[in-house]
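Peer 1: Starting from these lines, generate the structure:
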Amino acid sequence: MKEFPPFSLQEPPKVAFGRGSWVTDQDGNEVIDGSGGPAVYCLGHSDPRVNEAIANQLNQIAQGYRRFYNSDPLEQLEALIRERCGGGLTEMMFNSSGSEAVETCLKAALQYQQAIGQTGRTRFISRMRSYHGNTLGALSVSGYPLRRGPFQESLLPVSFVSPANDYRPPEGVDADQLVEFLANELENEILKLGPENVCAFIMEPVVGAAGCVVPAPAGYAQAIQAVCQKYGVLLISDEVMSGAGRTGNWRALEHDGVVPDIMSVAKGLGGGYLPLSVTIYQQKIGDVLREKDGGLMTGHTFTAHTAGCAAALKVQQIIEEENLLDRVKTKGAWLGQSLKERVGDHPFVGDVRGRGYFWGIELVQDKETKQPFARDLQIAERFGHALRQEGLLLYPVSGFGTEQQGDGVIVAPAYNATDDVLEQIVGRIESALKRLFD
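Peer 2: This next block holds a predicted model:
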């Protein structure tokens with residue numbers, strides 16, 4: 001066992017290179033990347049096929065500016081995404097980051113409501129314990145006090161309802177009442193604001209960093225969609241972290257049998273090889289925007305970056321050719337069960353939850369009462385440090401509970417991680433828990 005130095009939040013080591021699920025720093029320390037950074041690297045690192053696709057595109061042209069040129073990588077990626085999504089989700093705009101994708105979701109919703117004459121519909125409703133991005137609009141709809149702090153007075157007015165978390169339901173609400181409670185709460189908030197003033201409701205099908213991986217309860221998405229449709233409120237599904245196959249379905253909300261009006265995808269789309277994100281929306285919305293305004297009124301310098309599209313296209317083609325989404329479903333079930341069996345009973349593990357290759361381990365001070373650790377103990381950061389000592393990188397998350405408490409880690413391996421790597425991830429988590437709490 002490696003020597004365990006005192007815990008600190010010093011600067012991380014410099015990365016040297018990565019191959020598959022393994023990353024090596026400049027000091028020669030090799031670790032398993034068990035979370036794909038922040039759930040990004042769905043094919044691991046340095047896949048020669050993706051690198052070749054990028055190099056080939058760069059040898060032709062890095063980017064044909066979107067207002068001047070279309071391109072084969074863009075058209076082929078659009079066709080692939082339309083096939084993956086189905087359900088009328090045919091319109092899309094590509095940008096560089098998840099935050100930009102969410103901003104585009106918000107703008108598309110506002111523009112659509114204006115275009116159909118609903119000029120008063122400017123308000124958004126979101127959930128507490130949610131995170132949608134770092135730009136001001138995306139941060140405005142994020143119910144994550146730890147990240148909103150210094151920007152609070154400049155954010156949009158947004159209403160927040162309860163998180164959809166059956167491990168921590170609202171006080172006095174039983175598990176079998178949770179979906180009904182949450183649907184009624186959303187309806188009451190719409191009525192309070194006035195339906196004529198509400199533009200859209202935004203949600204993560206599986207909450208990522210803001211909740212330490214929280215899948216919505218069964219039946220929740222259908223109930224929420226019914227409320228939105230009743231009052232003409234658009235449903236936005238933020239799948240920046242959970243989409244592009246991370247949960248076993250290309251659309252995370254597909255698991256719940258719901259097709260949103262608008263959705264965002266980013267991290268697993270290009271697998272981290274080049275920055276790329278996409279906002280996808282219903283054809284009926286696109287038709288209205290084209291007729292009224294000539295199309296979606298937004299865009300950036302690097303919208304639909306040609307080399308970025310080429311990289312994402314190759315990533316998605318590899319996922320299809322190797323049937324990796326089927327692997328994420330089957331081995332994801334094994335991964336979740338193994339985590340529950342081997343660390344779920346640990347006295348300081350409150351909950352193990354997730355879907356596919358997207359799992360969260362929440363640490364608590366008291367297992368029976370679910371009392372979190374005090375924030376100043378920095379348990380998530382210490383756990384991340386202990387994991388690194390065991391040769392494993394996971395994504396520590398904190399501040400997702402009340403009073404900025406809440407500690408945990410996200411497990412999100414590459415879709416093509418070998419069985420041996422998956423087994424080592426579970427084993428090293430066990431060892432890191434022992435290391436930390438002993």
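
Peer 1: quick one: contacts of the helix-or-strand element of the chain with minimal mean pLDDT?
Peer 2: Every helix and strand in the chain was compared by mean pLDDT, DSSP states H and E; the lowest is helix 145-148, with a mean of 87. Residues outside helix 145-148 that contact it (Cβ atoms under 8 Å, 6 or more residues apart in numbering) are Tyr131, Asn134, Leu139, Ser142, Leu155, Ser398, Gly399, Phe400, Gln404. Any C-beta I mention is one placed from the backbone N, CA and C, and that applies to glycine too.

Peer 1: among these, which ones are buried?
Peer 2: Neighbour counting with 16 or more other Cβ atoms under 10 Å marks Tyr131, Leu139, Ser142, Ser398, Gly399, Phe400 as buried within those.

Peer 1: What is the nearest of the residues you listed to Ala310?
Peer 2: Sorting the buried ones among the contacts of helix 145-148 by how near they are to Ala310, with Cβ to Cβ, puts Tyr131 at the top with 29.4 Å.

Peer 1: my guess is that closest one contacts Ala209, does it?
Peer 2: Yes. Using Cβ atoms under 8 Å, Tyr131 makes contact with Ala209 at a distance of 5.3 Å.

Peer 1: which secondary structure elements does the helix or strand harbouring Ala200 contact?
Peer 2: Assigned by DSSP states H and E, Ala200 belongs to strand 198-203. For strand 198-203, the packing partners by 3 or more Cβ pairs under 8 Å, 6 or more residues apart in numbering; DSSP states H and E come out as helix 98-115, strand 123-127, helix 220-230, strand 234-239.

Peer 1: what residues are up against Asp261?
Peer 2: Contacts of Asp261 by Cβ under 8 Å, 6+ apart are Ala109, Ala200, Leu234, Leu235, Ile236, Tyr281, Gln282, Ile285.

Peer 1: Quick check: it vs Asp238, distance?
Peer 2: 12 Å (Cβ to Cβ, to the nearest Å).

Peer 1: repeat for Leu191
Peer 2: For Leu191, the distance to Asp238 - Cβ to Cβ - is 24 Å.

Peer 1: do Gln111 as well
Peer 2: For Gln111, the distance to Asp238 (Cβ to Cβ) stands at 18 Å.

Peer 1: more neighbours, these two?
Peer 2: Asp238 (33 against 20; other Cβ atoms under 10 Å).

Peer 1: ok, Glu187 - contacts?
Peer 2: Neighbouring residues of Glu187 by Cβ under 8 Å, 6+ apart: Val227, Lys230, Tyr231.

Peer 1: Which strands and helices lie in contact with the host helix or strand of Arg49?
Peer 2: If you go by DSSP H and E, Arg49 is part of helix 48-60. Contacting helix 48-60 under the criterion 3+ Cβ pairs under 8 Å, 6+ apart are the following elements: helix 306-321.

Peer 1: Flag every buried residue along the helix or strand harbouring Gly336.
Peer 2: Secondary structure assignment for Gly336, by DSSP H and E: helix 324-343. Residues 324-325, 327-329, 331-332, 335-336, 338-340, 343 are the ones in helix 324-343 that count as buried (16+ other Cβ under 10 Å).

Peer 1: and if you look at stretch 18-32?
Peer 2: Neighbour-count burial for stretch 18-32, counted by 16+ other Cβ under 10 Å, picks out Gly18, Gly20, Ser21, Trp22, Val23, Thr24, Val31, Ile32.

Peer 1: Same list, the residues you listed, but as CSV with distance to Ile61 and pLDDT please.
Peer 2: Below are these laid out as CSV (distance: Cβ to Cβ, whole Å; pLDDT from 0 to 100):
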residue, distance to Ile61, pLDDT
Gly18, 27, 97
Gly20, 30, 97
Ser21, 33, 98
Trp22, 33, 98
Val23, 31, 97
Thr24, 33, 96
Val31, 37, 97
Ile32, 37, 98
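
Peer 1: Dump the helices and strands packed on strand 198-203 to CSV, plus distance to Gln365.
Peer 2: Output for these, formatted as CSV (distance: least, Cβ to Cβ, whole Å):
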stretch, distance to Gln365
helix 98-115, 32
strand 123-127, 25
helix 220-230, 28
strand 234-239, 30
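
Peer 1: Can you tell me which of those is packed in deepest?
Peer 2: With neighbours defined as mean count of other Cβ atoms under 10 Å, those peak in mean count at strand 234-239, which reaches a mean of 28.

Peer 1: What strands flank that strand, and is each parallel or antiparallel?
Peer 2: strand 198-203 (parallel), strand 262-265 (parallel) (DSSP bridges).

Peer 1: Pick out the most distant pair among the buried ones among the contacts of helix 145-148.
Peer 2: Spanning the widest gap among the buried ones among the contacts of helix 145-148 are Leu139 and Ser398, at 17.6 Å by Cβ to Cβ.

Peer 1: before we move on, the earlier item: please state the offset of whatever helix or strand comes next after the strand holding Ala200 from the chain centre?
Peer 2: Following strand 198-203 in sequence order, the next helix or strand is strand 206-207 (DSSP H and E). Strand 206-207 sits 7 Å away from the centroid of its parent chain (Cα atoms, centre = their mean, to the nearest Å).

Peer 1: again, but for stretch 266-278
Peer 2: Mean-position distance between stretch 266-278 and its chain equals 12 Å (Cα atoms, centre = their mean).

Peer 1: Show me the shaky parts of the stretch 251-400 of the chain.
Peer 2: For the stretch 251-400 of the chain, no stretch has pLDDT under 70.

Peer 1: What are the boundaries of the helices in it?
Peer 2: Ranges of helices in the stretch 251-400 of the chain, per DSSP state H, counting those that start in this stretch, are 267-270, 283-293, 306-321, 324-343, 379-389.

Peer 1: Which of the three states applies to Leu80?
Peer 2: helix (DSSP: H, G, I helix; E, B strand; the rest coil).

Peer 1: Against Val278, how distant is the nearest residue to it once chain neighbours are set aside?
Peer 2: The spatial neighbour of Leu80 that comes closest, neighbours along the chain excluded (Cβ to Cβ, 6 or more residues apart in numbering), is Gln316 at 5.5 Å. Relative to Val278, Gln316 is positioned 11 Å away (Cβ to Cβ).
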